[in-house]
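> prediction below, plus the sequence it came from.
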Amino acid sequence: MNDLRELYQEVIFDHYRRPRNHGALSGANRKAEGYNPLCGDKVTLYLRIEDGIVREVSFEGSGCAIAIASASLMTEALKGKTEAEVQTLFGRFHEMVTASGPVSVLAPDLGKLAALGGVREFPVRVKCATLAWHTLRAALQGENSTVSTE
């Protein structure tokens, strides 16, 4: 179990140090902003959706390791998914970080996203991990106001 925890920590730190899909996305047709006032995390999410499929996704932002790693991992997981699949993934991720029970049961096929399952032990960090996800939901729904975790 300790080896698994170390692996998860390494995945999180890797995505924090070298975030994937980081930067503005030219040609984005959906955009939303998110803010976590408790931690100071900020994220702007860009999507290019064509024919109901996420073709490209990127983010800009600053914040703690959990918030940046979550945004980076999320962007990797979204590419090529339909909007319906993205909504399902949102629900599964949210359940993993908020429900009780083993991560392996709650997220058997979430891949690297499972690295964030441990945040549920730290309720304040759940907001950091879910900021990009709530911002994603706002972008999908075309909301123009800033998403807040408060």
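Looks like it came in fine. Numbering: from 1, shown residues only.
> not counting sequence-adjacent ones, nearest residue to residue 28?
Take residue 28 and drop its neighbours on the chain: the residue closest to it by C-beta to C-beta, 6 or more residues apart in numbering is residue 46, 3.8 Å away. No exception for glycine: its C-beta is placed from N, CA and C like everyone else's.
> then residue 135?
For residue 135, the spatially nearest residue (C-beta to C-beta, 6+ apart) is residue 34, at 3.4 Å.
> just the element for the residue nearest to residue 28, please.
Following DSSP states H and E, the helix or strand that holds residue 46 is strand 41-50.
> before we move on, what about residue 28?
Going by DSSP H and E, residue 28 is not in any helix or strand.
> just the CA coordinates for the strand holding residue 46, please, in CSV.
Extracted C-alpha coordinates of strand 41-50, given in CSV (Å, rounded to 0.1, in the frame of the first residue of the first chain):
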residue,chain,number,x,y,z
ASP,A,41,-6.3,28.4,-7.0
LYS,A,42,-7.3,29.9,-10.4
VAL,A,43,-8.0,28.0,-13.6
THR,A,44,-9.1,29.0,-17.1
LEU,A,45,-10.2,26.0,-19.2
TYR,A,46,-10.4,26.0,-23.0
LEU,A,47,-12.2,23.4,-25.1
ARG,A,48,-12.5,22.8,-28.8
ILE,A,49,-15.5,20.6,-29.3
GLU,A,50,-16.5,19.5,-32.8
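> tell me what that strand is packed against?
The contact analysis (3 or more C-beta pairs under 8 Å, 6 or more residues apart in numbering; DSSP states H and E) places strand 41-50 against strand 30-36, strand 53-62, helix 65-78, helix 123-141.
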